[in-house]
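K.L.:
Mind looking at a prediction? Sequence and model below.
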There are 2 protein chains.
Amino acid sequence: MDMQSNPGDAAGTQAVQETPEALVARLAKDGRAAQRVLARLSPDRKAQALRAAAAALRSAHGDILAANAQDIAAGQAKGLSAALLDRLRLDEVRLQGIADALEQVAALPDPVGEVISAAERPNGLRLSRVRIPIGLIGIIYESRPNVTADAAALCLRSGNAVLLRGGSEALHSNHAIHAALVAGLESEGIPAAAIQLVPTQDRAVVGAMLTAAGLIDMIVPRGGKSLVARVQADARVPVLAHLDGICHTYIHAAADPEMARNLALNAKMRRTGICGAMETLLLDTQFPASEAVVAALLDAGCELRGDARAQALDPRIGTASDEDWDTEYLDAVLSVAVVDGIEPALEHIAAHSSHHTDAIVTADGEAAERFLDEVDSAIVMVNASSQFADGGEFGLGAEIGIATGRLHARGPVALEGLTTYKWQVRGSGQARP
Amino acid sequence: MDMQSNPGDAAGTQAVQETPEALVARLAKDGRAAQRVLARLSPDRKAQALRAAAAALRSAHGDILAANAQDIAAGQAKGLSAALLDRLRLDEVRLQGIADALEQVAALPDPVGEVISAAERPNGLRLSRVRIPIGLIGIIYESRPNVTADAAALCLRSGNAVLLRGGSEALHSNHAIHAALVAGLESEGIPAAAIQLVPTQDRAVVGAMLTAAGLIDMIVPRGGKSLVARVQADARVPVLAHLDGICHTYIHAAADPEMARNLALNAKMRRTGICGAMETLLLDTQFPASEAVVAALLDAGCELRGDARAQALDPRIGTASDEDWDTEYLDAVLSVAVVDGIEPALEHIAAHSSHHTDAIVTADGEAAERFLDEVDSAIVMVNASSQFADGGEFGLGAEIGIATGRLHARGPVALEGLTTYKWQVRGSGQARP
């Protein structure tokens, strides 16, 4: 834990450690004060600040890469996996990508101030609901240092202050990126506390953030399942997140065989480690080309685990256990079940989906619409790869995360999901009868 | 606690008490199954069911009034206050009002199915965000039996199942009203579990509801501050609520004196016990008619507690303690402060408002817009009485409650706040590159 000197200490007494709760309260107070400034900035000022931050990031590339090299060295000494080291690693190209992303967010339309609805009442009161920032957003993330810039940019564009708590593996990288972002803000006269990085790796600070109701308005966890599970279990602050992406693709009887094969391959194998990757394939007994679909997946190097009827399609298919239907592999592994029509397909999805993204492949418009209506997931697709589940692909410009909760925002969440609204009422002296 | 027979019990063993958690899980399972039926009903079917429920309520008036008489007798025996007994009491007129309200909710536009946004991506994917019900809503309320019908109606109209947990004082009334509602549903072929009343007054069931994450999607507490505080403190399920209504009215220098007097009187004295009632009056030093405003309030029977400068306006004004600025009196008591312009008024409101409803009275358009922009409350008003803070007055047709949280829905919440959305994606075979 960082030592914090207590301003009230007389010389000669030892500096008192600030408790995690006091640290979070102090950071939140500063962040909320900065947010009140942000809330009143014009769209242009916020965009300009983001462009200045991008420029600062570009000119600090030497410092940032040096800091990142420290993290990489420490990670290698700690024996981090190659995959983790890759997530952690920055180079000139990745750093350009981070700066480009800041500029892209700067170019997105500002959601703040949008009039969501307006009405005039018979008594002459004029009502409007106006979009405003949420306030102070806490981001709790792991080893990817780009989150420091990406999340901060989306929060700033939407007028929110942000309190970032990154993983210890990326400590130096995060501090170097944060310093560049703040330099950009300050060059535009925006308070540095608009983007704060928790200055200690004490894990108790995460707990203090999660329980800081009234100080932090929303928490977004970015990272693996254990991080998200811990945040969801302990948070007293609203959380925007998804725990699992157990995504289904159902190949309906009336699916085009070639499309079915392509979409199954893409939904599973394009990238197996993302939350929108298919984890369970449902094949209709009436679909005539199931063998070709499973063969294509197997030939592409995917391990298949099936129920008895699926196993009958190809001798290379292993046996699915009960657990498989509730497993997010995030790997080249897929569970496969054969279903007797749309009704059992819907039932399987209702029982096992994590309500992230589920898809049907069919040329039958009625089946498609039924699937769209009845599947209760954040994203429901017809004739498309579940790997499209992404804020960028949805045209949102970026995403702070994908949410599978039912309130506030669902699916890919970007700027609009980082706003709320207030009611503005304009009268001319109306008293209530 | 109600005894529940365990179907697995052999004859001769004693019936096993169902735990509160098991009871809530069972009710939630039934409610969620009924909700899947509700989610697919046409607007007309839901409206017809509400009209049938209203008719059933009207024809059961004898039973309901008899049940209510039992509650009133029990309440009198328990020594309930006159105010509480009045909240509890039903008569023919109030019962007609409850049935009328069901019919009014039936006539409201159905929010389900509304396309919130739609777009086509360059790759041909067609995206739409479609409004859907939230799922199962828990309502925890106190002694007003009308909540049983009002809350159930709003949930049903928006396609949600509801789990009602009323106060013990209204036990018989709630059961009688619930029975009529269910009779109405069943006459339209809708599962009775769409509207469930918790069958026991065991207080542990409230705790089980509050922690039933994944089973209950949202909790709405309806009642006094101690109920709301308990729900907010203990809930692991999202809560839609407001704890306090510490509402301010700021009389700006440029306020019309007559309008200021009328609005101050109305905001405080029309009904002192509602959450939108003014609790603090801020008088600008430059406003020339402050004496007349405070005199009108004092003459109307309101107790005033002021800071030193407010006390100088009238000898009848008492001394405000520090606590007064953070007190919701819900009575004919008002705190009064004199402020040196809009800046200190905004500061006072930022420091003491409960972010429910705050108002400015002014003829200065610039001051009005600044107040509307900078006051961070669910409802911000210009030249209107804060007592208008009400779903009916806002044209929402009814309200399930007023929320001061920052996520999902703020201010008066009615049908739209009882919905969420999903993304529907229509493709023609797109795989992600």
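P.N.:
Arrived safely. Residues are numbered from 1 along each chain as shown, chains lettered A, B, ... in the order given.

K.L.:
ok, A:S168 touching A:V198?
P.N.:
No. Here A:S168 does not reach A:V198: they are 11.0 Å apart, not a contact under Cβ atoms under 8 Å. For the C-beta atoms, the positions are set from N, CA and C on the backbone; glycine is no exception.

K.L.:
helix or strand for A:Q196, which one?
P.N.:
Assigned by DSSP states H and E, A:Q196 falls within strand A:195-197.

K.L.:
which element follows that strand toward the C-terminus?
P.N.:
Next along from strand A:195-197, by DSSP H and E: helix A:204-210.

K.L.:
What is that next one packed up against?
P.N.:
helix A:20-38, strand A:136-141, strand A:161-165, helix A:225-234 (3 or more Cβ pairs under 8 Å, 6 or more residues apart in numbering or on different chains; DSSP states H and E).

K.L.:
could you dump those to TSV with mean pLDDT, distance to chain B and mean neighbour count?
P.N.:
Below are the helices and strands packed on helix A:204-210 laid out as TSV (pLDDT from 0 to 100; distance: least, Cβ to the nearest Cβ, whole Å; neighbours: other Cβ atoms under 10 Å in any protein chain shown):
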stretch	mean pLDDT	distance to chain B	mean neighbour count
helix A:20-38	97	8	20
strand A:136-141	97	10	27
strand A:161-165	98	13	27
helix A:225-234	93	9	16
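
K.L.:
Counting neighbours, go ahead and name the busier of A:S168 and A:V198.
P.N.:
A:V198 (23 against 16; other Cβ atoms under 10 Å in any protein chain shown).

K.L.:
The more buried one and chain B, how far apart?
P.N.:
A:V198 is 22 Å from chain B, where distance means Cβ to the nearest Cβ, to the nearest Å.

K.L.:
Quick one: residues in contact with stretch A:260-269.
P.N.:
A:247, A:249, A:251, A:277-278, A:281, A:287, A:289, A:292-293, A:296-297, A:300-302, A:332, A:334, A:359, A:361, A:383-387, B:429, B:431-432 (Cβ atoms under 8 Å, 6 or more residues apart in numbering or on different chains).

K.L.:
So what's the model's average confidence on that stretch?
P.N.:
Mean per-residue pLDDT for stretch A:260-269: 98.

K.L.:
Residue ranges in chain A under the pLDDT threshold?
P.N.:
A:1-16 (pLDDT under 70).

K.L.:
which stretches of it form helices?
P.N.:
Ranges of helices in chain A, per DSSP state H, are A:20-38, A:43-59, A:61-78, A:82-88, A:92-107, A:146-157, A:171-187, A:204-210, A:225-234, A:257-269, A:290-299, A:308-311, A:342-352, A:365-374.

K.L.:
which residues are contacting the second one?
P.N.:
When you say that, I think you mean helix A:43-59. A:38, A:41, A:64, A:95-96, A:98-100, A:102-103, A:105-107, A:109-110, A:112-113, A:149, A:152-153, A:156-157, A:159, A:177, A:180-181, A:183-185, A:187-188, A:190.

K.L.:
Drop anything exposed from those residues.
P.N.:
A:38, A:41, A:64, A:95, A:98-99, A:102, A:105-106, A:110, A:112, A:149, A:152-153, A:156-157, A:159, A:177, A:180-181, A:183-185, A:188, A:190 (16 or more other Cβ atoms under 10 Å in any protein chain shown).

K.L.:
Where does the stretch 201-350 of chain A get nearest to chain B, residue-wise?
P.N.:
A:N266 (3.6 Å; Cβ to the nearest Cβ).

K.L.:
circling back to that earlier point, which strands and helices sit next to the strand holding A:Q196?
P.N.:
helix A:20-38, helix A:146-157, strand A:161-165, helix A:171-187.

K.L.:
residues contacting A:G411?
P.N.:
Applying Cβ under 8 Å, 6+ apart, the residues contacting A:G411 are A:378-379, A:389, A:394, A:402-403, B:422-423.

K.L.:
where's it relative to B:S117, distance?
P.N.:
12 Å (Cβ to Cβ, to the nearest Å).

K.L.:
Contacts only, for whichever residue of the stretch 251-400 of chain A sits closest to chain B.
P.N.:
Closest contact between the stretch 251-400 of chain A and chain B, by Cβ to the nearest Cβ, is at A:A384 (3.2 Å). Going by Cβ under 8 Å, 6+ apart, A:A384 touches A:263, A:359, B:125, B:425-427, B:429-430.

K.L.:
Quick check: which of the helices of chain A is nearest to B:R203?
P.N.:
helix A:225-234 (24.9 Å; Cβ to Cβ).

K.L.:
angle of the closest one against strand A:136-141?
P.N.:
140 degrees (axes from the mean of the first three to the mean of the last three Cα atoms, to 10 degrees).

K.L.:
What strands flank the strand holding A:Q196, and is each parallel or antiparallel?
P.N.:
Strand pairing for strand A:195-197, using DSSP bridges, gives strand A:161-165 (parallel).

K.L.:
Let me see the residues that make contact with the strand it pairs with.
P.N.:
By Cβ under 8 Å, 6+ apart, strand A:161-165 touches A:24, A:27-28, A:31-32, A:34-35, A:38, A:135-141, A:147-148, A:151-152, A:155-156, A:174, A:178, A:193-198, A:205-206, A:209, A:216.

K.L.:
re the thing from before, report the buried members of the contacts of stretch A:260-269.
P.N.:
A:247, A:249, A:251, A:277-278, A:281, A:287, A:289, A:293, A:296-297, A:302, A:332, A:334, A:359, A:361, A:383-387, B:429, B:431-432.

K.L.:
Now do the same contact list for A:V147.
P.N.:
A:139, A:141, A:164, A:166, A:222.

K.L.:
actually A:T249, not the one I wrote
P.N.:
Contacts of A:T249 (Cβ under 8 Å, 6+ apart): A:263-264, A:267, A:278, A:280-282, A:358-361, A:386.

K.L.:
what sits against A:D244?
P.N.:
A:225, A:275, A:328, A:354, A:356, A:404 are the contacts of A:D244 under Cβ under 8 Å, 6+ apart.

K.L.:
Identify the residues contacting the second one.
P.N.:
By that I understand A:C275. A:242, A:244-245, A:247, A:328, A:356, A:389, A:402.

K.L.:
Which one of these sits in the busiest neighbourhood?
P.N.:
Neighbour-wise, the contacts of A:C275 (other Cβ under 10 Å) top out at A:A389, 32 neighbours.

K.L.:
Wait, it touches A:S377, no?
P.N.:
No. Counting by Cβ under 8 Å, A:A389 stays clear of A:S377, with 9.8 Å between them.

K.L.:
what is in contact with those two at once?
P.N.:
Jointly contacting A:A389 and A:S377 under the rule Cβ under 8 Å, 6+ apart are A:356-357.
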